[in-house]
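K.L.:
here's a sequence, model it:
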Amino acid sequence: MIKNYFKIAWRNLWRSKGFSLINIAGLAIGMAAAILILLWIQDELSYDDFHKNKDRIYEVWNRYPSDGKLECDNGVSAPLAGVLEKDLPEVERAVRVMSNNGVLFSVGDKKLMKSGSMVDTGFLQMFSFPLIAGNAATALNDMHSIVLTETTAKSLFGNEEALGKVVRLKNEEDFAVTGVLKDLPKNSRFDFEFLISMSNLKYRPGQDLGWNDNSTPTYVLLKPNATYASVAPKIKVLKQQYSDEAKKIKWELFLYPMDRWRLYSSFTNGVEDNGGRSTFVKLFGIIAGLILLIACINFMNLSTARSEKRAKEVGIRKAVGAQKMSLISQFIGESVFIALLAGIVAIVIVQVSLPGYNQLTDKKLSINFGNIYTWISFTGFILFTGLLAGSYPAFFLSSFQTVKVLKGTFKKANAIVTPRKALVVLQFTFATILIICTIIIKQQMDYARDRATGYNKDNLVYHFMTGDIQKNFALIKNELLASGVAKSITKTNSPLTERWSDGWGQNWEGKDPNDKTSFDRLVADEGLGVTAGLQFIQGRDFDLKQFPTDSTGLIINESSLKVMKFKDPIGKIVSDLGIDWHIVGVIKDFILTSPYEPTRPILICGGKSSFMSFNVMQIKLNGNNSTTKNLETAGTIFKKYNPEYPFEFKFVDEDYAKKFDNEQRQGTLAALFAGLTIFISCLGLFGLATYMAKNRIKEIGVRKVLGASVTGITTLLSKDFVTLVIISLIIASPTAWFFMSKWLGAFSYRIHIHWWVFALAGFLSIIISLMTVSFQAIKAALANPVKSLKAD
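P.N.:
This is a model prediction of the structure:
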């Protein structure tokens, strides 16, 4: 029986090669798109899933009042880790992790820059990063021990055994390699090339503020028998027991489980809001389902449209005793067979597409064909697709009445609403929704990208203060200016596109005692205004030559001025970090963090700050020279005064552009999936138009004999499809508006959705459908009426 069904399925495919190709191509593209999206979703869901203790690992978070609401963040006080182990019996281990980037490694004549982390000794026992060599329990016990990743070890020692070898860091201290880790998986929140012990941490004078500093990520491993519920009330008030300031404002701590780090970590007024990346995972899951459904709708439509070709077969089978269920089984079996063929093509498409898809999504996705679960999943996916695509045609074909079929009277008159029309409307509704979403996402990106930054990014580069740059800063600065490479130079504690310090608790004359405003902080040398192109609305830039007291000077932005409510701010005193700063200038707001959010109050402090040091050299290149020439000359100068370190500059405009990477990726993926959806829908539309033209060939011939024009016949054949597309637009517009309004709601700085977006989407849908249908309509209209009337 099964062999017979297989033969029939194959003969039907071979007999109608054109329709079979459309069916298989549509299903294959839909399945391939769904597989690619599901691979992305699986990768997102598997973040940090490889840790053996994942169910017991938590990150410590803060919850505190700020600007009239509760804020949450994951940088806590450095002393907390030790207190957690000491005061809470439920805690098995607590470790801190601090970034240690831009470190010079020296092995003989080989010098490389690497980025890593400084961690407590129990890090490798808490997290399951497998060691190729060394002992996880002891690898970080010594302050001069270092653990390297496999790639880092090979870059330093080639194929030699790295364990026990010595590397020199920052040309200052020697470290012995006590462990080699397998390279970190891409789907991990941690990203480091080496690990050293936290016992190496050296605070600059005034930097260690103890419980008042909140910049140290800290992780907790609970004991096997401990529960979150038993720990939560204890850790909630733990900081208040060690800090009077925390007690005063009711500063709280809470534990955040590992399985929520990647997808959630989003809070509104102190409560998790189910935002974050989980929104995109759900959205992409819906898109995968919609694309697969659209591909299956093609199959349903083409199968039911060609029902009369199978009608006599069904009638004869029923006449000789075939039961309805056996016919349903046969047709579903044929669908599964076609889904299998389409699945094989889909896998080929996926394998060809993966390199480009990985580059687009910034992932390392792959299909593990050696894993039995891959084949089980693939088999299940094919069966599901076959059942979904074949269910309606199977029940439709098997429901034909034997007598009517054999008499040739089974055809129904054209109805206003048919399942086939409903399915076409459903297809183009999804396609139109994706078109609208793509347009709105692009608008939002362009809106944020075109927003005034408040400073001039052109020809602005920066270089971290590595090696001897700090010591030779004046020499480097003078030579860069004298050579014509730079127009102006200054130094800051952080890049202009990043916030490295923020806090509240500042004091000024007339401050409301209930004010809990949090300020972003920068530390700057003289000349920041001219170097970055800041726009002063009052006062002036720092000028240490003319005003030596500018080392305790302060430049504030408009948002800070609104908070402080000074009528005449110049000369006013603002106390922060134990220093009384005097305001020398007020600048227009500029974007320090997200271009999608309102600008925050910013304090730009003079160089007196001991808590924040100068880490970055900002250079305004001379635009009269070529960038290449400027950088070549600058490289020579840097090499002269900082010979041990490479010249590694960064463009500020490129850093700023990276702020749009996530939305750019979302927009590109939305456009890609919208294009695939439209293409699959058009494949089905093309097949239906072809079949319609073939079925009405005699009618067309008669109309032409009676004088109908090519335009009239083309309009006749196309209008029904265009009507369906217009109906889909009416359904899609409010649906897309609802979802995109919710998406835009996540941005404080956002566009308004305009009516013309829906008009443009509708126009594109109609034009695309007309181009698809009109080809077959015009072909039928141009056919010789004599041949049309002779057709069987």
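K.L.:
list the buried ones in the biggest strand by length in the chain?
P.N.:
Longest strand of the chain, by residue count under DSSP state E: strand 91-107. For strand 91-107, the neighbour count (16 or more other C-beta atoms under 10 Å) marks 91-97, 100, 102-106 as buried. Placement of C-beta: from N, CA and C, glycine included.
K.L.:
can I get these in a markdown table with distance to residue 489 and pLDDT?
P.N.:
Formatted as a markdown table, these follow (distance: C-beta to C-beta, whole Å; pLDDT from 0 to 100):
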| residue | distance to residue 489 | pLDDT |
| --- | --- | --- |
| 91 | 48 | 95 |
| 92 | 51 | 95 |
| 93 | 46 | 95 |
| 94 | 43 | 96 |
| 95 | 40 | 96 |
| 96 | 35 | 95 |
| 97 | 34 | 94 |
| 100 | 27 | 84 |
| 102 | 20 | 83 |
| 103 | 25 | 90 |
| 104 | 23 | 91 |
| 105 | 28 | 93 |
| 106 | 28 | 91 |
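K.L.:
just curious, which of those residues is nearest to residue 618?
P.N.:
Distances from residue 618 to the buried residues of strand 91-107, taken as C-beta to C-beta, are shortest for residue 102 (16.3 Å).
K.L.:
can you pull up the bridge partners for the residue nearest to the closest one when sequence neighbours are not counted?
P.N.:
Closest residue to residue 102 apart from its sequence neighbours, by C-beta to C-beta, 6 or more residues apart in numbering: residue 464 at 5.3 Å. With DSSP bridges as the criterion, residue 464 is bridged to residue 616.
K.L.:
residue 464 contacts residue 648, correct?
P.N.:
Yes - with contact defined as C-beta atoms under 8 Å, residue 464 counts as touching residue 648 (7.4 Å).
K.L.:
quickly list what's touching both of the two.
P.N.:
Listed as contacting both residue 464 and residue 648 by C-beta atoms under 8 Å, 6 or more residues apart in numbering are residue 102.
K.L.:
who's more crowded, the two?
P.N.:
Legend: neighbour count by other C-beta atoms under 10 Å for residue 464 and residue 648, higher for residue 464 (17 against 12).
K.L.:
what's near enough to touch the more buried one?
P.N.:
Going by C-beta under 8 Å, 6+ apart, residue 464 touches 102, 615, 616, 617, 648.
K.L.:
so what pLDDT did the last one get?
P.N.:
To tie it back to what came earlier, the one meant is residue 648. Residue 648 is assigned 90 on the pLDDT scale.
K.L.:
ok, it to residue 605 distance?
P.N.:
27 Å (C-beta to C-beta, to the nearest Å).
K.L.:
need the max-distance pair from the contacts of residue 464.
P.N.:
Within the contacts of residue 464, 615 and 648 form the most distant pair, 13.6 Å apart (C-beta to C-beta).
K.L.:
picking up where we left off before, mind putting the contacts of residue 464 into TSV with distance to residue 428?
P.N.:
Converted to TSV, these look like this (distance: C-beta to C-beta, whole Å):
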residue	distance to residue 428
102	53
615	55
616	53
617	56
648	51
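K.L.:
out of those, which comes closest to residue 45?
P.N.:
Nearest member of the contacts of residue 464 to residue 45, counting by C-beta to C-beta, is residue 102, at 32.9 Å.
K.L.:
for that closest one, which residues are in contact?
P.N.:
113, 115, 464, 466, 648.
K.L.:
in strands, which of those fall?
P.N.:
Going by DSSP E, the strands hold 113, 115, 464 from those.
K.L.:
quick check: the second one touching residue 149?
P.N.:
No - between residue 115 and residue 149 there is no contact, the gap being 10.9 Å when judged by C-beta under 8 Å.
K.L.:
just give me the residue right at the centre of this protein.
P.N.:
Centroid check for the chain by C-alpha atoms, centre = their mean gives residue 662 as the closest residue, at 4.4 Å.
K.L.:
can you pull the phi/psi pair for it?
P.N.:
Note on residue 662: backbone dihedrals following degrees, to the nearest 10 are phi -60, psi -50.
K.L.:
tell me the spacing between it and residue 668.
P.N.:
Per C-beta to C-beta, residue 662 is found 11 Å from residue 668.
K.L.:
swap in residue 448?
P.N.:
Using C-beta to C-beta, residue 448 is found at 16 Å from residue 668.
K.L.:
more neighbours: which of those two?
P.N.:
residue 448 (20 against 15).
K.L.:
low-confidence ranges, this protein, go.
P.N.:
Along the chain, the model assigns pLDDT under 70 to residues 1-16, 18, 202-209, 304-324, 326-327, 393-417, 610-611, 690-698, 776, 779-792.
K.L.:
doesn't residue 498 make contact with residue 615?
P.N.:
No - when contacts are counted by C-beta under 8 Å, residue 615 is not listed as touching residue 498 (10.5 Å).
K.L.:
returning to that earlier point: partners of the longest strand of the chain, with directions?
P.N.:
By DSSP bridges, strand 91-107 pairs with strand 110-119 (antiparallel), strand 166-169 (antiparallel), strand 218-222 (antiparallel).
K.L.:
give the other helices and strands that the following helix or strand past the longest one contacts.
P.N.:
Pointing back at strand 110-119 there. Once strand 110-119 ends, the next helix or strand along the chain (criterion: DSSP states H and E) is helix 123-126. With contacts defined as 3 or more C-beta pairs under 8 Å, 6 or more residues apart in numbering; DSSP states H and E, the packing partners of helix 123-126 are strand 91-107.
K.L.:
more neighbours: residue 615 and residue 498, which one.
P.N.:
More crowded of residue 615 and residue 498, by other C-beta under 10 Å: residue 615, with 18 against 12.
K.L.:
what sits against that one?
P.N.:
So residue 615 contacts 464, 465, 492, 493, 494, 500 (C-beta under 8 Å, 6+ apart).
K.L.:
now render these as JSON lines, adding distance to residue 57.
P.N.:
As requested, those are arranged in JSON lines below (distance: C-beta to C-beta, whole Å):
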{"residue": "464", "distance to residue 57": "32"}
{"residue": "465", "distance to residue 57": "35"}
{"residue": "492", "distance to residue 57": "36"}
{"residue": "493", "distance to residue 57": "32"}
{"residue": "494", "distance to residue 57": "30"}
{"residue": "500", "distance to residue 57": "27"}
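K.L.:
farthest-apart pair in those residues, please.
P.N.:
465 and 500 (13.1 Å).
K.L.:
distance from the helix or strand encompassing residue 675 to the middle of the chain?
P.N.:
Assigned by DSSP H and E, residue 675 belongs to helix 661-695. Mean C-alpha position of helix 661-695 versus that of the full chain (C-alpha atoms, centre = their mean, to the nearest Å) differs by 23 Å.
K.L.:
buried ones in it?
P.N.:
The neighbour-count check on helix 661-695 (16+ other C-beta under 10 Å) flags 663-664, 666-667, 669-674, 676-693 as buried.
K.L.:
quick one: name whatever helix or strand follows it.
P.N.:
For helix 661-695, the following helix or strand on the C-terminal side (DSSP H and E) is helix 697-705.
K.L.:
so what's the gap between that following helix and the chain middle?
P.N.:
Put simply, helix 697-705 sits 55 Å off its chain's centre (C-alpha atoms, centre = their mean).
K.L.:
name the nearest residue to residue 255, sequence neighbours excluded.
P.N.:
Nearest to residue 255 is residue 58, by C-beta to C-beta, 6+ apart, at 3.8 Å.
K.L.:
ok so, going back, so can I have TSV of the ones in strands among the contacts of residue 102 showing distance to residue 217?
P.N.:
Shown next, in TSV, are the ones in strands among the contacts of residue 102 (distance: C-beta to C-beta, whole Å):
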residue	distance to residue 217
113	23
115	15
464	21
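K.L.:
out of these, who's nearest residue 74?
P.N.:
Looking across the ones in strands among the contacts of residue 102 and measuring by C-beta to C-beta, the closest to residue 74 is residue 115, at 19.6 Å.
K.L.:
for the closest one, give me its contacts.
P.N.:
Contacts of residue 115 (C-beta under 8 Å, 6+ apart): 99, 100, 101, 102, 103, 192, 193.
K.L.:
run the last query once more with 7 Å
P.N.:
Contacts for residue 115 (C-beta atoms under 7 Å, 6 or more residues apart in numbering) come out as 101, 102, 192, 193.
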